[in-house]
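**Q** Turn this into a model:
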Amino acid sequence: MRSCNFADCGALTNITNGTVSTPQGTLEGANATYICSSGYGLNGGATRTCVNGNWSGTQPACLKGKNVIFSHALHL
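**A** This is a model prediction of the structure:
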């Protein structure tokens with residue numbers, strides 16, 4: 001019998017002045033979404049995906065007073 005093993009990307013830490021959520025967990029195909037606190041804007045991609053045991057892209061940053069920039073479309 002064949003079994004499927006899904007790679008676990010591990011937990012991500014919250015970013016300064018923001019949070020990251022992984023409602024689908026941290027296994028292959030899961031998405032992580034970054035949100036900044038009020039008064040801060042996201043510099044970088046709002047989402048990352050678990051691929052082959054690693055989170056795609058790089059961790060964004062929340063910058064004070066910065067307009068929100070999405071380098072990837074956010075699908076809700």
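**Q** tell me the contacts of Thr33?
**A** Shown in contact with Thr33 (CB atoms under 8 Å, 6 or more residues apart in numbering): Val20, Ser21, Thr22, Ala46, Thr47, Leu74. Placement of C-beta: from N, CA and C, glycine included.
**Q** Okay, and which of the residues you listed map to strands?
**A** Val20, Ser21, Thr47 (DSSP state E).
**Q** tell me the pLDDT at the residue lying closest to the second one once chain neighbours are set aside?
**A** This points to Ser21. Computed as CB to CB, 6 or more residues apart in numbering, the closest residue to Ser21 that is not its neighbour in sequence is Thr33, at 5.3 Å. pLDDT, Thr33: 98.
**Q** from the contacts of Thr33, which single one is nearest Asn5?
**A** Nearest to Asn5 out of the contacts of Thr33 is Thr22 (CB to CB; 19.2 Å).
**Q** okay, now the closest one: neighbour count?
**A** Other residues near Thr22 number 18, with proximity taken as other CB atoms under 10 Å.
**Q** so what's it closest to, chain neighbours aside?
**A** Ala32 (4.8 Å).
**Q** what separates Thr19 from Gln59, distance-wise?
**A** 12 Å (CB to CB, to the nearest Å).
**Q** Give the intersection of the neighbour lists for those two.
**A** Tyr34.
**Q** follow-up on the earlier one: touching, the residue nearest to Thr22 and Trp55? I think so.
**A** Yes - between Ala32 and Trp55 there is a contact at 6.5 Å, judged by CB atoms under 8 Å.
**Q** Among the two, which residue is more densely surrounded?
**A** Between Ala32 and Trp55, counting by other CB under 10 Å, Ala32 is the more crowded of the two (23 against 19).
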